[in-house]
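>>> give the three-dimensional model of this entry:
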Amino acid sequence: EQYVLTLNGAIIGVTGLRPIEGTDRRAWLSWTYMHPDYQGRGHGKTMMKELLEIAKGYDVHKLFVTTSDYIDPEDDEPLYQKAIELYLSMGFQEEFSIPDYFEPGESQLLYGLSLSDIDPVDIEPEEVILEFNHLGEIDETEGVYGIGWGAKKVGKFSFGKKKAGQFTAADCQVAIDRVKEWEGRAVLVTFPSNIPTIFEPLESAGFKEIGQLKDYYEDGLHKLYFWYKL
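Numbering: from 1, shown residues only. Alright, predicted model coming up:
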């Protein structure tokens, strides 16, 4: 849902919420903008305060937002610095960043804000059958490709027993080789933190775990990011 901030009948700002499918009351902060003529006057903070109250009314437990460290070539200053300062002033915390994400030299910065108490939770590992089912260039990036996957739940993970059907390092290599053919720069894949069988094939193929969004799916269940740079 999108919301606007008005002043004397004129729209001066826009923001919104986008619930995250498959999570327990999590949402992304959608595109947020304040008209340049009204920046630096506290309107952005007013708009964000109202949005956070709306999010709490929807019982959103954690809110995430992404931005970048893009440098405006005209004044040699970070273009989104004011937005970042606003997020930090509202209690958002940087969870991690992905260097050279949008293009070489422009990183993606990821922030999270808990709107309710999140207690430490031990999440049981699960054994699932995973299969890669999509490979495509990620929107707003230049040459970064994301791997999509599907899963069939088998049950609770049993350490020491035979693994269920699982993707392999060779499957990862197929995706890497295809992105090389397309002259891409990097490959990105994300997984929930409760699937322990993902690590060996990803690491064998050369993927690096670069960060996580904490409590992304639910309390104690994080979203792990794996990156392969060509």
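>>> how about residues contacting the helix ranked longest in the chain?
Secondary structure of the chain per DSSP state H: the longest helix is helix 43-57. Contacts with helix 43-57, where a contact means C-beta atoms under 8 Å, 6 or more residues apart in numbering, come from 3, 5, 7, 12-13, 15-17, 27, 29, 32, 34, 63, 82-83, 86, 89-90, 113, 115. No exception for glycine: its C-beta is placed from N, CA and C like everyone else's.
>>> check which residues of that helix are buried.
43, 44, 47, 48, 51, 52, 55 (16 or more other C-beta atoms under 10 Å).
>>> returning to that earlier point: among the contacts of helix 43-57, which lie within helices?
Short answer: the contacts of helix 43-57 in helices (DSSP H) are 82, 83, 86, 89.
>>> any low-confidence regions in this structure?
Residues of the chain meeting the criterion pLDDT under 70: 154-165.
>>> residue boundaries of the strands in it?
Assigned by DSSP state E, the strands in the chain fall at 2-7, 10-19, 26-29, 33-34, 62-68, 71-72, 77-78, 93-103, 106-114, 126-137, 144-156, 186-192, 208-218, 221-229.
>>> what angle do the fifth one and strand 93-103 make?
Yep, that's strand 62-68 we're talking about. With axes from the mean of the first three to the mean of the last three C-alpha atoms, to 10 degrees defining the directions, strand 62-68 sits at 40 degrees from strand 93-103.
>>> ok, now the first one?
For strand 2-7 and strand 93-103, the angle between their directions (the same axes, to 10 degrees) works out to 100 degrees.
>>> can you check the last one too?
Angle between the axes of strand 221-229 and strand 93-103 is 30 degrees (criterion: the same axes, to 10 degrees).
>>> and the second one, by the same measure?
Using the same axes, to 10 degrees, one finds that strand 10-19 and strand 93-103 are set 100 degrees apart in direction.
>>> so for strand 10-19, what gets flagged as buried?
Quick answer for strand 10-19 (16+ other C-beta under 10 Å): 12, 13, 14, 15, 16, 17.
>>> ok, residue 22 to residue 10 distance?
Noted for residue 22: a distance of 38 Å to residue 10, by C-beta to C-beta, to the nearest Å.
>>> no no, residue 84
26 Å.
>>> then residue 99?
For residue 99 relative to residue 10 (C-beta to C-beta), the value is 39 Å.
>>> residue 76 too?
According to C-beta to C-beta, residue 76 stands 32 Å off from residue 10.
>>> cool, and residue 230?
Here the criterion is C-beta to C-beta. By it, residue 230 lies 47 Å from residue 10.
>>> ok, residue 186 touching residue 210?
No: the pair residue 186 / residue 210 is not scored as a contact, 10.2 Å apart, by C-beta atoms under 8 Å.
>>> more neighbours: the two, which one.
Between residue 186 and residue 210, counting by other C-beta atoms under 10 Å, residue 186 is the more crowded of the two (20 against 16).
>>> bridge partners for the more buried one, pull those for me.
residue 144, residue 229 (DSSP bridges).
>>> same thing with residue 93?
Beta-bridge partners, per DSSP bridges, of residue 93: residue 112.
>>> list the contacts of it.
Taking C-beta under 8 Å, 6+ apart as the contact definition, residue 93 lies against 111, 112, 113.
>>> ditto for residue 228
Contacts of residue 228 by C-beta under 8 Å, 6+ apart are 172, 176, 186, 187, 188, 205, 206, 207, 208.
>>> ok, now with 7 Å
176, 186, 187, 206, 207 (C-beta atoms under 7 Å, 6 or more residues apart in numbering).
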